[in-house]
Every structure is written in C-alpha cells, then in structure tokens.
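1. With the input below, show me the fold.
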Amino acid sequence: MAPQRASTSSGQPPDQSRRRPGWRRLVVVLVPAAVAVALCAVDLSGRSIWIDESATLSIASQHGAALWAAMRRDGGNMLAYYALVHLLFSWFGDGTAVLRAPSVVAAGLTAGAVAALGARLFRPVVGLAAGLLTAVSVAYVYWGQNGRAYAFMFAFVALSYVAFAHLVTGDSRRRPGHASRLAAIGYSAALVLALYMSFVAVLVVPAQLVSLYWYRRRFGLVAACLAVAAVASVPIVLLAHARGSSQLFWVPRPNLQSESEVVQAVAGSGLPPVFHNTASSVPLLVLTVLGVLAAATAGLRRASRQPLADGISPARWAGALVAAWLVVPTVLDFAESLVGQSVFESRYLLMSAPAVALLLAWGLFESGLAPALAWCGLAGLLVLRGAQIVPTYGVSPEDWHAATAYVLARERPGDCALFYPSDVRQAFDYYLLHSSAPRSSWPRPVLPTAPFTEVRPYVEDYATLGGAQLDAVARSCRRVWFVSSHAGVPNGTPLSRVHYSRYLALVRGLESRYVGHRLVRMSYASQIDIWLFQDRR
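-> This is a model prediction of the structure:
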C-alpha cells in the first residue's frame, strides 16, 4: 500500500496537509473525535456495571495505603487508570457516569489520533474516513462506555503511532530539531501511558520496529525513546512479576470461538459474546475482510512500482506501518497464547483495530475509485457499523443491577448472603449501597463476612468454606442466598476447573444442610446464578 502521490527527493512523504488551511486540518481530527464522544455518551449509565467495572469501583474507592495495596494486588495493571478514577471519585462521587466518563474522552482521543495519523501518512480525506470508521465501531463504543482502562490503552497506542510517524518522517536534511524532540517526548510518553493502562500495549512496539525495515531512519532516536519507556515501566514490571500470571487464568488457549470473536471485534462487525450478532454482522464482516484484502493487494502492487529515493521508500513505509500494526500484535499474541500464558482476547487485540480503519479508508480514497463511489462506500460501511451499535444501548450482558434487586425484593429477616467468588460481591455491594432498601432489610454476609457498608476490593478472590464453617452458617442462617458468577468452567484452564470444582462443592455442601433450594439464572454473556437455600435439616 502506498500514497497516491510521489515522495519528495529528500525521502520525506508529501505532507499535503501542511498546504491546507489550518481549520481544515482541525476538522479532520475533531469531527471523528466528536462522533466518537457522542456515540459513547448516549445512555452512558443505562447499562449495569459488570464484575470488572466493580473491581475498578472497589479499588478506586480506597484511600492511602489501602489504595496502593489494592492496586498492587492487581499486579500494577491499569495502575494509572485507577489513580485517575480515584481522583474523580474524590471530586464527583462514584456514580456510573463518573466511572465511565473518562473512557468516553479516551474514545474521542482514539478516533482523533487515527484521523491525524491517516492525514499524516496519506491525505486528509483518508484520515477523516479512518477516524470515522474508528469512531463508529461497536467494540470501541462499548469500551468507551466502560469503567476499565482499555479505551485509554487504545488511545495512547494510537497517539504513539502519531508521534512515531512524526519522529520517523521528520526532515532528513537537517539534524533533529525542536519538532523531532517533541515527537520523541510524545512517543515515549504515549508508550509509557499505554503500558500503565494495560501491559499488552507492549505488542505494538515490535510492530513499529518492523516497519522501519521499509524506512531506515532515526534508529538511534527511536531506540532512545524505547529505552526511556522501558526505564519508566520498571515499577509496573516489578509489580506484574510479583503478582504473576494467575490473574489471566480465565483466558483459554486460542480456539475457533475465540478466533472468531477477535476477528469480529477488530473488524468492527460485532462484539460476541458481549452482544448478540445482528442480521448485518456477517455481511459487514465479509465486506470488511474483502475491503482490507483488496486494499492490501492494491497497495502492494503500487508500492512495488515506487522508485527508491536515496535508499528510502516512505511510500512503502506508510503501508508497511499500517500492515504491521494489524498483523504483528496479533501474531505475537497468538504465539504467546499457544506456548505460554494465553492472552488471546478481543479486548487486548483491539489495539490493532485502527489499522483496519486505515486500510479501508486508503482502499476507498487512494486506490483509484471514483470520489462519488468512495464516499458511497464509506457511508455504507458507517451505516452497517452503526447498525451494530444502536441495539447495544442500555443492554446489560451481566446485569448486577437486576440481580441485586431480585435478592432485595425477596429477602427476609435472618437471611444470609454468600458470594463465590468474592469478586461478585463488589457489584452486588455497589447496587446495594445505592438502593433505597433500609439496611435492616439487607441479608447478613457470611462469605466474605465484612459488612456491606465496608467497600473492599476482592479481585480474583476464590475463598470458600469448609465443612465446619458451613455447619456454622446453617446454624445461624434460616435461609442463605448464594450468588455466583465467573465461578470457572468444567472445560476451561486447569485453574478455572479448580475454581469450578470449589463452586460445586459449595453447592453440594449447602444442599446437604438445607432441604429446599431454588436456582435463578440471569444474564447471558456472563451468567449470574442466584441460589436460595432454605428449611434447615
């Protein structure tokens, strides 16, 4: 893939945006950013929080040493994000809108950064189209409405590419000046912030380095930036090493289902199992895959005809940068997931989704299509992508609001509550504290035993009860609400199977001590089991 117009004799790609009025360049960036923010702001608080968001709530609600202990317990992952949310909670409270608002801003940054990158590498119209395709993505809108750090990871990865492009394609006729220094600082800072949002952001570094094979400049400056980023990342590396990889026990090895989920998410054609596919999911996926393949083929054919200028091919580099962004992180993630700790999850590989948007935009506006046909193609893709987003508003794949309300509506004096794993209590506790039910009507917690008024983080805490402890529960509790989700699966990873066996042991232990029991199951993406055990033996 290559820009349509020839490079300059200096080896610098034509920066046509510099010859356009400033307001036009600003529009290219601001329009996609505004669209992304608007799409994420719709019904921001309508969806119930889920277990991971409840972890953010419980960790960011801590103070002082307790806050640091909670962030350290999570292995340093999302460290900067927890600190940011903690500040927002201190100023504005812990409402769901406050929890999710930072991610809305991050979604706007991502779309704007992709637009800026497209305009830098190709033309402003390509940047505008790529930014809009990034903004209108069901996966990016979902994470832009989510109280987790992934939207920020996507944003800082995209910003690192913008800085990287400026750093590498700076004027080669003079020594790096003020602009290059700013690009170097921005590149290092974006990488560090991306890593402090999620460790998997490191996968874009090999992709960026691979692209330099086609544009062999600024190796020393890039290496210096990476060294600075590495040093700045030492604290989270130490925290992650101390925590180990056990926090990823739930991620299975790559299989057909997970591979399909990754492809759909990165292509913007759906987000299973979080949301059900619609009638347009498959057509959109097919069109996207065909569009990416067609753009890549046309780009390779055109790049092969581009003459080298002083041994440098900026035209080829622009395409190589985008292609490596799409391919390299996915290949590395897949390989690591086969031989080591599996991290093959769509949320991690969504860092490469902007590459799909850039390829589609380039194919529409730089591969020789008539302008009217290109704009119609863009409009069609945006409509199909929007059709994936609209049905998701207000949908709760993991509805802890409803689960909490169900228990409170049926609770009786003397009831107890048991949670497995302890993580799920965080979400239950949040809606319990925000309910209008008097505290006298709340069930008494027996696992964990801390009062509901004490907000504590229970990240991946799979504590259980032994026989003597269950006997004590049966003696003191007339009825027991046993609430469970994310309890492991019988055919999952080894640790996941262990957790599931403990869940079954708890169920059997309660069944042996109570005559009657009833099970209600809620949600579909991550099932919530609500058991009611009553009538002691």
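2. Format the CA atom coordinates belonging to stretch 124-143 as CSV.
-> The C-alpha trace of stretch 124-143 is given here as CSV (Å, rounded to 0.1, in the frame of the first residue of the first chain):
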residue,chain,number,x,y,z
PRO,A,124,-6.6,14.4,5.0
VAL,A,125,-9.6,12.6,3.3
VAL,A,126,-8.1,9.3,4.2
GLY,A,127,-7.6,10.5,7.8
LEU,A,128,-11.2,11.7,8.1
ALA,A,129,-12.5,8.4,6.8
ALA,A,130,-10.3,6.3,9.0
GLY,A,131,-11.2,8.4,12.0
LEU,A,132,-14.9,8.0,11.4
LEU,A,133,-14.6,4.2,10.9
THR,A,134,-12.8,4.1,14.2
ALA,A,135,-15.4,6.1,16.0
VAL,A,136,-18.3,4.1,14.6
SER,A,137,-17.1,0.7,16.0
VAL,A,138,-19.3,-1.4,18.3
ALA,A,139,-16.2,-2.6,20.2
TYR,A,140,-14.8,0.9,20.7
VAL,A,141,-18.1,2.3,21.7
TYR,A,142,-18.6,-0.5,24.2
TRP,A,143,-15.2,0.1,25.8
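3. Pull the distance from it to the chain's centre.
-> 15 Å (Cα atoms, centre = their mean, to the nearest Å).
4. Please apply the same query to stretch 373-381.
-> 28 Å.
5. Give me the mean pLDDT for whichever strand or helix holds Leu109.
-> Per DSSP states H and E, Leu109 falls inside helix 96-121. Helix 96-121 shows a mean pLDDT of 97.
6. buried ones in it?
-> 96, 98-121 (16 or more other Cβ atoms under 10 Å). C-beta coordinates here come from the backbone N, C-alpha and C atoms, glycine included.
7. now swap in stretch 519-535 and tell me
-> In stretch 519-535, counting by 16+ other Cβ under 10 Å, buried: Met522, Ser523, Tyr524, Ala525, Ser526, Ile528, Asp529, Ile530, Trp531, Leu532, Phe533, Gln534.
8. burial count for the nearest residue to Arg456 once chain neighbours are set aside?
-> Nearest in space to Arg456, with sequence neighbours left out and distances taken as Cβ to Cβ, 6 or more residues apart in numbering, is Ala450 at 5.8 Å. For Ala450, the count of nearby residues is 13 (other Cβ atoms under 10 Å).
9. for this structure, which spans come out with low pLDDT?
-> 1-21, 171-179, 216, 244-246, 303-315 (pLDDT under 70).
10. how's it carved up into domains?
-> 16-392, 400-536 (automatic domain parsing).
11. and among those domains, the most buried is which?
-> domain 16-392 (a mean of 20; mean count of other Cβ atoms under 10 Å).
12. give me every residue that touches the residue nearest to the spatial centre of the chain.
-> By Cα atoms, centre = their mean, the chain has its centre lying nearest to Tyr150, at 3.2 Å. Residues in contact with Tyr150 (Cβ atoms under 8 Å, 6 or more residues apart in numbering) are Ser103, Trp143, Met197, Ser198, Arg347, Leu350.
13. ditto for Val138
-> So Val138 contacts Gly268, Ser269, Gly270, Leu271, Phe275, Arg385, Gln388, Ile389, Thr392 (Cβ under 8 Å, 6+ apart).
14. can you redo the residues you listed as a markdown table with distance to Glu511 and secondary structure?
-> A markdown table is the format used below for those (distance: Cβ to Cβ, whole Å; DSSP: H, G, I helix; E, B strand; the rest coil):
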| residue | distance to Glu511 | secondary structure |
| --- | --- | --- |
| Gly268 | 46 | coil |
| Ser269 | 44 | coil |
| Gly270 | 39 | coil |
| Leu271 | 37 | coil |
| Phe275 | 35 | coil |
| Arg385 | 48 | helix |
| Gln388 | 43 | helix |
| Ile389 | 44 | helix |
| Thr392 | 38 | helix |
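15. Name the member of those residues with the shortest distance to Val237.
-> Relative to Val237, the closest of those is Leu271; by Cβ to Cβ it sits at 30.6 Å.
16. My read is that the closest one contacts Ser260, right?
-> No. Contact criterion Cβ atoms under 8 Å: Leu271 and Ser260 do not qualify, at 11.6 Å.
17. pretty sure Arg521 belongs to a helix, no?
-> No. Under DSSP: H, G, I helix; E, B strand; the rest coil, Arg521 falls outside any helix and is assigned strand.
18. Name whatever forms a beta bridge with it.
-> Beta-bridge pairing for Arg521 (DSSP bridges): Asp529.
19. Use 678 as the first number for this chain going forward.
-> Yep, numbering from 678; the last one is Arg1198 now.
20. Could I get the contacting residues of it?
-> Counted by Cβ under 8 Å, 6+ apart, Arg1198 has contacts Gln1204, Ile1205, Asp1206, Ile1207.
21. one step back: distance from the chain centre to the helix holding Leu786, please.
-> With Cα atoms, centre = their mean, you get 13 Å for helix 773-798.
22. contacts for stretch 783-792?
-> 705-714, 716-717, 804-805, 807-809, 811-812, 817-818, 820-821, 828-829, 831-832, 835-836, 838-839, 1031, 1034-1035.
23. Can you flag which of these belong to helices?
-> 705-714, 716-717, 804-805, 807-809, 811-812, 817-818, 820-821, 828-829, 831-832, 835-836, 838-839, 1031, 1034-1035 (DSSP state H).
24. Report the secondary structure element holding Arg978.
-> Arg978 belongs to helix 958-980, assigned by DSSP H and E.
25. Wait, Thr1170 touches Trp927, no?
-> Yes. Between Thr1170 and Trp927 there is a contact at 7.0 Å, judged by Cβ under 8 Å.
26. isn't there a helix covering Asn1122?
-> One thing to correct before we go on: residue 1122 is Pro, not Asn. No. According to three-state DSSP, Pro1122 belongs to no helix; its state is strand.
27. any idea how far the closest residue to it other than its chain neighbours is from Val911?
-> Spatial nearest neighbour of Pro1122, excluding adjacent residues (Cβ to Cβ, 6+ apart): Ala1094 at 5.2 Å. Ala1094 sits 42 Å away from Val911, going by Cβ to Cβ, to the nearest Å.
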